[in-house]
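K.L.:
Please find the sequence and the predicted model below.
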Amino acid sequence: MRKLFLFVLCASLFLGCKKEDGEETATATADTAKTEAPAEIADGKYIEIGKKALAAMTSGEMEGWTASYADNAKYYWNAGDSLIGKPAIDKYWRDRRMNVIETISFKNDVWLPVKVNKPQNTEKPGIWLMGWYQVTAKYKGGSSMTQWMHILYHFDDNDKIDQVNHFVDRVPIMAAMPPKK
């Protein structure tokens, strides 16, 4: 008897709360359109792009590193320096990786792909990949340094990186580089 009573009570609540056909779907769609989040988690495929870039930089395979860049990409550092265009980015990093950095490795990486629907400040709408990782670099003729870095990749409509914001502390980098002659 007790089970029957609980069943009837639950069924009554369920049926009493049910909306007319179509009403629930229309309301949910209208509510969703009104309350689009300013940002949301993006597809995990962007994490793989970030990881592949770090693996290519580690191995010195610069074609693999630049493969994910758009031709019109812009690369900004927190100190205000920048590179404009894929050829300039490739030239800078190829020279740095082949002639300045003996070895480089990345560990303890954390990635967060985000889709910005409604910019809240100066950021561009679209897909961003935020990355944090610990870098250890040994410089040719110098010593090594380890530090945490933060990087932001923005992707164009073709899933190519069109903007990078790279946050580094230049003090440990400069201290590890060989003295200038």
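P.N.:
Right, received. Where do you want to start? Numbering: from 1, shown residues only.
K.L.:
Can you pull out the low-pLDDT segments for the chain?
P.N.:
Applying pLDDT under 70 to the chain flags the ranges 1-34.
K.L.:
rerun that using 80 as the cut-off
P.N.:
By pLDDT under 80, the low-scoring segments of the chain are 1-34, 181.
K.L.:
Show me where it has its strands.
P.N.:
For the chain, the strands defined by DSSP state E occupy 39-41, 69-77, 82-84, 101-116, 126-139, 144-155, 161-167.
K.L.:
Serialize the ones you listed to CSV and add fields for mean neighbour count and distance to residue 51.
P.N.:
Every residue, glycine included, has its C-beta placed from N, CA and C. Shown next, in CSV, are the strands of the chain (neighbours: other C-beta atoms under 10 Å; distance: least, C-beta to C-beta, whole Å):
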stretch, mean neighbour count, distance to residue 51
strand 39-41, 12, 17
strand 69-77, 17, 16
strand 82-84, 15, 22
strand 101-116, 16, 7
strand 126-139, 18, 9
strand 144-155, 17, 12
strand 161-167, 19, 14
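K.L.:
which residue packs closest to residue 94, ignoring adjacent ones?
P.N.:
Using C-beta to C-beta, 6 or more residues apart in numbering and skipping the chain neighbours, the partner closest in space to residue 94 is residue 62 (4.7 Å).
K.L.:
The one you found: what's it in contact with?
P.N.:
Contact partners of residue 62, counting by C-beta atoms under 8 Å, 6 or more residues apart in numbering, are 56, 90, 93, 94, 97, 98.
K.L.:
What residues does residue 79 make contact with?
P.N.:
Per C-beta under 8 Å, 6+ apart, neighbours of residue 79: residue 170.
K.L.:
picking up where we left off before, just send the strands of the chain back as CSV, with distance to residue 181 too.
P.N.:
Putting the strands of the chain into CSV (distance: least, C-beta to C-beta, whole Å) gives the following:
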stretch, distance to residue 181
strand 39-41, 49
strand 69-77, 25
strand 82-84, 26
strand 101-116, 18
strand 126-139, 15
strand 144-155, 20
strand 161-167, 28
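K.L.:
Between these, which one is closest to residue 178.
P.N.:
Closest of those to residue 178 is strand 126-139, at 6.4 Å (criterion: C-beta to C-beta).
K.L.:
Determine the set of other helices and strands touching the closest one.
P.N.:
Here strand 126-139 touches helix 45-59, strand 101-116, strand 144-155, helix 170-176, going by 3 or more C-beta pairs under 8 Å, 6 or more residues apart in numbering; DSSP states H and E.
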